[in-house]
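Trainee: heads up, no residue letters with this:
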């Protein structure tokens, strides 16, 4: 018992019963709310929720906690995608097929994770993110203008390639998925930060859904905690979406730069720290 004497009984995926402090639940719920704000704007909510889950429940299997995190984030990204779709004109001609490919790619990535070790990707991630940061800083107008490039057919093929590649990455590894979606949509399709963020939410919702379905089917989702976090993530997502829609591409670009810097620091520490 903690000082408040409040406890919650919850079952893990292997059937064991554990006593979970209500204060721990509130901690990860708060983390999920903050992650929802961040994720709705530029992605990267996992920077907040994954460490919160791992540090709060250090004795539970990491796969169970990662599945629980996906359970919460899939609701937040879906709500953000819906809100953006109501306010931002999205090009569904390429976005919907790309989302379907992202779903398939994420499912394949999650399956790949069960067969291989992502250690090499862990080493490369900080370097890839550093390139994304430097490119964004060196090109001051990057993502500030909305002028879709290329023909509709080429946009469709490029969008599907982006959906498949980053969707696979999301299922296999995950950190920075939203940022990679945004960067590639701006660089290859010529949309601005606001439209890229809105489109990325649709793609990320599809990849999250595939991953959570696979993880749930294999018993790697802690539903009691995941659904509590999901409610908070949705609330944060609504706030983050409102901020992005109100302040437009300028604010989203600034938050994007900060998020990529944080991702570089986190990924670099995990990959190279002794």
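Mentor: Cool, the structure landed. All values reported here derive from a predicted model rather than from experimental measurement.
Trainee: Please give the number of neighbouring residues around residue 78.
Mentor: Neighbour count of residue 78, defined by other Cβ atoms under 10 Å: 20. Using the backbone N, CA and C atoms, a C-beta is placed for each residue, glycine as well.
Trainee: Please apply the same query to residue 131.
Mentor: Neighbour number of residue 131 under other Cβ under 10 Å is 11.
Trainee: Would you mind pulling up the elements that the helix or strand harbouring it packs against?
Mentor: Element membership of residue 131, judged by DSSP states H and E, is helix 119-138. When contacts are defined as 3 or more Cβ pairs under 8 Å, 6 or more residues apart in numbering; DSSP states H and E, helix 119-138 packs onto helix 177-189, helix 223-272.
Trainee: Make TSV from those helices and add mean pLDDT to it.
Mentor: Putting these into TSV (pLDDT from 0 to 100) gives the following:
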stretch	mean pLDDT
helix 177-189	90
helix 223-272	87
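Trainee: among those, which is nearest residue 87?
Mentor: Smallest distance to residue 87 across those (Cβ to Cβ): 5.2 Å, for helix 223-272.
Trainee: got the angle between that closest one and helix 177-189?
Mentor: 70 degrees (axes from the mean of the first three to the mean of the last three Cα atoms, to 10 degrees).
Trainee: list the helices and strands helix 223-272 packs on?
Mentor: Using 3+ Cβ pairs under 8 Å, 6+ apart, helix 223-272 sits against strand 7-11, helix 22-42, helix 46-56, helix 62-87, helix 119-138, helix 177-189, helix 193-217.
Trainee: Mind putting those into TSV with distance to residue 101?
Mentor: As requested, the helices and strands packed on helix 223-272 are exported to TSV (distance: least, Cβ to Cβ, whole Å):
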stretch	distance to residue 101
strand 7-11	36
helix 22-42	21
helix 46-56	22
helix 62-87	16
helix 119-138	20
helix 177-189	12
helix 193-217	9
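Trainee: so which of these gets nearest residue 258?
Mentor: That would be helix 22-42 among the helices and strands packed on helix 223-272, by Cβ to Cβ, at 8.4 Å.
Trainee: For residue 264, which of the helices and strands packed on helix 223-272 is the nearest?
Mentor: So among the helices and strands packed on helix 223-272, helix 119-138 is nearest, using Cβ to Cβ, at 4.7 Å.
Trainee: Good, wrapping up.
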